[in-house]
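> Next comes the sequence, and after it the predicted model I'd like to discuss.
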Amino acid sequence: MALRILKQSNCAVLQALKRNYCSAFELQHKNPVQKAIPKIPKAQYGGRHTVTMLPGGGIGSELMNYVREIFRYAGVPVDFEVLDIDPNSESNDDWDNAITSIKRNGVAIKGNIETKSEQIGIISRNVALRNELGLYVNVLHCKSYPGVRCHHKDVDLVVVRQNTEGEYAMLEHESVSGVVESLKIITVEASERLARFAFNYARTNGRKKVTTIHKANIMKLSDGCFLETSRRIAKEFPDIKHDDMIIDNTCMQLVARPAQFDVLLTTNLYGSITSNVICGLIGGAGLYSGRNYGDHYAVFEPGTRNTGTSIAGKNICNPFAMLNASVDMLNHLGHTQHAQAIEAAIYDTIVVDKIHTADLGGTASTTDCIQNVLKHLAEKHVSCSTFNIAHPQINKELARNPENP
Amino acid sequence: MSLLTRSFVRCLVQASSRNIHSTAALASPTKPEGRTTCTLIPGDGVGPELIYSVQEVFKAADVPVDFEPFFLSEVNPALSSPLESVVASIKKNRICLKGILATPDYSNTGELQTLNMKLRHELDLYANVVHVVSLPGVKTRHQGIDAVVIREQTEGEYSAQEHESVPGVIECLKIVTEAKSMRIAKFAFDYAVKHNRKKVTAIHKANIMKLGDGLFLRSCEAMAKLYPRIKFEKMIVDNATMQLVSNPHQFDVMVAPNLYGNIIDNISSGLVGGAGVVAGASYSAEHVVYEPGARHTFAEAVGKNIANPTAMLLCASKMLRHINLLHYSTQIYSAINNVLKAGKVRTKDLGGNATTNEFTRAVIMNLK
């Protein structure tokens, strides 16, 4: 069935090409087949990286300023190409420029970008970004901070979410008036790639179990395909345990006993729901960061996607989600020592000093949090202000030839 | 009227609240100080004298940088440190300040690759950047030049692949690859984006070398598509040299294969005051080597205390900026600028008669 849909949609694109007219929308969204993206060299020169920064709407630009402030202070060798996108603008110029910028830099950090329009034909920019760059997987690591007021302690789980198809395929139409159909697309190809990513992630990060989240009892073909694929891939990873759970039960189990989960492998919409449930359980939207990976690009953002327009400019938003996103980005770029220093400063601020913003039940302002992080960086991690911190790769090289000075 | 006042007040409130955020975080405790180690290659000719000038200025400004010196030379291979240890040091420190190595036109060992080329290949220093900018107080034919020459320096004519196929016939291979052409083109465009420049000009000779330079040009064209906000132009190398001397202001960022880049580097350095005042740098993904932009050892001036240390000091200033020591970088940069602008202390190449030491002392006096 899944294959049939794939064939049909392929036909749609072929027809569009035949009639010599094919809108960007059609090409982008009516073709769930993975796109081959040519490899572009990374923007890394003399040990410094260039990274695209999309502040987005609401509290985004405030938070990005803090990220830059902390990076400057810790001497992180990363330069930002900051691109502001006007949410009210009708034209797509800024937006296209942002996407090409990510294509040439390879890595981006972003806030949430608002799509105000509910018109048909205007697509959510966040979704468009993921599709255009082929960011097929979203990873959210939720590890509770001791001392943060929340419903569950000692939660440590990872949500691996399909990011480009499923319910977000944006194929909706009104077949007869009053009847709207929305297509959910699951392809073997994408499911296989996602499952393999999840199991590889589990293996490299020392995790024991992968749980596939689905609703195959109702959607027997689509979710069935997703489930079957994950079972097949699980056989390639005998060292990782694999089981599956239905989405409604998962939600109940997550609120009741979250400790039973390790890695959750989900389709698009279920992933969105489960990650929001978990974040709500262990401290809210302001703490955790999400990572989006494709074959060539990586985009880092706060874990739960909201702009926080209502609290913008009031100095009360929680900066840690964005800071954690920046730490993820540094780890991805290989600046692990800077990442560790900033991560430790964040941990000490939240857990030891208990500097919490209002959303965690504290009274601190955003600047209080940032000041405290800077203080910790100054106290403990003096070494990171020198430029000589070697890449892990080079450390390995030096270890291999110990006779070199 | 009331509407106007209200919006004005709102503007003020918003502006002040924004200020609170940014300045509060800015007024943080002082920046933590760690010391950075930098590999140092004085080079041949006047190199050691220029490096001494940099060290004096660093000492005076109390710059938190330590040097790891290596004597590297091709003309005297017996005294030179082994290339491996220099490479290991640069790999460890990731930055290097280098004088110019003299390249003799014979080979001691029969090898065709020069020491400079070996160093570049070992570290994969593929992009050479020379920032050609008119300095205040330096009298030249053209004023207000501000261009950047980006040169591919690991392939092309410098492949060191030469042979005599039959007696009397020598073939020298010029190698152009797509991967390296793409890489240098991307470097040029990324440089333009980062430094707010508007235009990139590819220098080529694809009308004659249709395949080799053609590949270079096509790679630049393909990369230009990813940078729609930067203007892309192409120019044949012979025309480019003429345009450079007659109307240099039309250029912004230039990207060129190896030999053309070398020639353009030297022409444009000559336009703004010669080898003594132009700084350059060679980049790989992981390392940077800062060296003067036009490669002349000025061997005839050794020991005469007349060489101009401006280029080397500018290199040092650029290096400090690269390693996040922005404060020291601007301090040294403005000191050099002030000395040149005042025009009282000038070395011989700029029409004065001050010594290297006098110039260095003038820079130190101007440090603020």
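Cool, the structure landed. This one's a predicted model, so the numbers in the text were calculated from it and none came from an experiment.
> Mind listing what's buried along the strand ranked longest in chain A?
What stands out as the longest strand in chain A, according to DSSP state E, is strand A:166-176. Using 16 or more other Cβ atoms under 10 Å in any protein chain shown as the test for burial, strand A:166-176 gives A:G166, A:E167, A:Y168, A:A169, A:M170, A:L171. In short, each C-beta sits where N, CA and C put it, glycine included.
> what's it packed up against?
Packing partners of strand A:166-176 (3 or more Cβ pairs under 8 Å, 6 or more residues apart in numbering or on different chains; DSSP states H and E): helix A:24-29, strand A:179-185, helix A:268-281.
> for the ones you listed, which one sits closest to chain B?
Among those, the nearest to chain B by Cβ to the nearest Cβ is helix A:24-29 (15.1 Å).
> What lies in contact with the helix or strand that comes right after that closest one?
Next helix or strand after helix A:24-29 toward the C-terminus (DSSP states H and E): strand A:44-45. Here strand A:44-45 makes contact (Cβ atoms under 8 Å, 6 or more residues apart in numbering or on different chains) with A:T50, B:A127, B:F187, B:D190, B:Y191, B:Y283, B:S284, B:A285, B:E286, B:V288.
> at 7 Å instead, please
Strand A:44-45 has contacts (Cβ atoms under 7 Å, 6 or more residues apart in numbering or on different chains) with B:F187, B:Y283, B:A285.
> Can you list the residue ranges for helices in chain B?
If DSSP state H is used as the criterion, the helices of chain B fall at B:2-26, B:47-61, B:83-93, B:115-123, B:178-194, B:212-224, B:237-246, B:258-271, B:310-322, B:326-342, B:356-366.
> burial count for B:G110?
Using other Cβ atoms under 10 Å in any protein chain shown, B:G110 has 6 neighbouring residues.
> about what we covered before: got the buried residues of strand A:166-176 as a markdown table, with pLDDT columns?
Shown next, in a markdown table, are these (pLDDT from 0 to 100):
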| residue | pLDDT |
| --- | --- |
| A:G166 | 85 |
| A:E167 | 84 |
| A:Y168 | 81 |
| A:A169 | 76 |
| A:M170 | 75 |
| A:L171 | 80 |
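> which stretches of chain A aren't confidently modelled?
Under the criterion pLDDT under 70, the flagged ranges of chain A are A:1-38, A:87-91, A:115-123, A:305, A:307, A:380-405.
> which residue is nearest the middle of it?
Residue closest to the mean C-alpha point of chain A, counted by Cα atoms, centre = their mean, is A:R291 at 2.8 Å.
> So what pairs up with that one in the strands?
Under the criterion DSSP bridges, A:R291 forms beta bridges with A:V139, A:F300.
> same question, A:V159
Applying DSSP bridges, one finds that A:V159 bridges with A:L140, A:L264.
> OK, contacts around it?
With contact taken as Cβ under 7 Å, 6+ apart, A:V159 is in contact with A:L140, A:L264, A:T266, A:G271, A:T274, A:S275, A:I278.
> thought the first one was touching A:S275?
I take that to be A:L140. Yes. With contacts defined as Cβ atoms under 7 Å, A:L140 counts as touching A:S275 at a distance of 4.7 Å.
> of these two, who's got more company?
Per other Cβ under 10 Å, whichever of A:L140 and A:S275 has more neighbours is A:S275, with 25 against 22.
> contacting residues around the more buried one?
Here A:S275 is in contact with A:L140, A:V159, A:R161, A:G303, A:T304 (Cβ under 7 Å, 6+ apart).
> hmm, try it at 8 Å
Contacts of A:S275 (Cβ under 8 Å, 6+ apart): A:L140, A:C142, A:V159, A:R161, A:G290, A:G303, A:T304.
> Only the buried residues of stretch B:226-243, if you could.
For stretch B:226-243, a neighbour-count test (16+ other Cβ under 10 Å) marks B:L226, B:Y227, B:I230, B:F232, B:K234, B:M235, B:I236, B:V237, B:A240, B:T241 as buried.
> give the contact list for the residue lying closest to A:N318 once chain neighbours are set aside.
Closest residue to A:N318 apart from its sequence neighbours, by Cβ to Cβ, 6 or more residues apart in numbering or on different chains: A:G286 at 2.7 Å. Going by Cβ under 8 Å, 6+ apart, A:G286 touches A:P302, A:C317, A:N318, A:P319, A:F320, A:A321, A:T357, A:D359, A:L360.
> Distance check, the nearest residue to the fifth one once chain neighbours are set aside against A:E301.
Just to be clear, that refers to A:F320. What sits nearest to A:F320 in space, not counting adjacent residues and going by Cβ to Cβ, 6+ apart, is A:L287, at 5.2 Å. Per Cβ to Cβ, to the nearest Å, A:L287 is found 14 Å from A:E301.
> ok so, going back, most neighbours among the contacts of A:G286, which one?
A:P302 (31 neighbours).
> Now that one. Its backbone dihedrals?
Backbone torsions of A:P302, given as degrees, to the nearest 10, read phi -60, psi 150.
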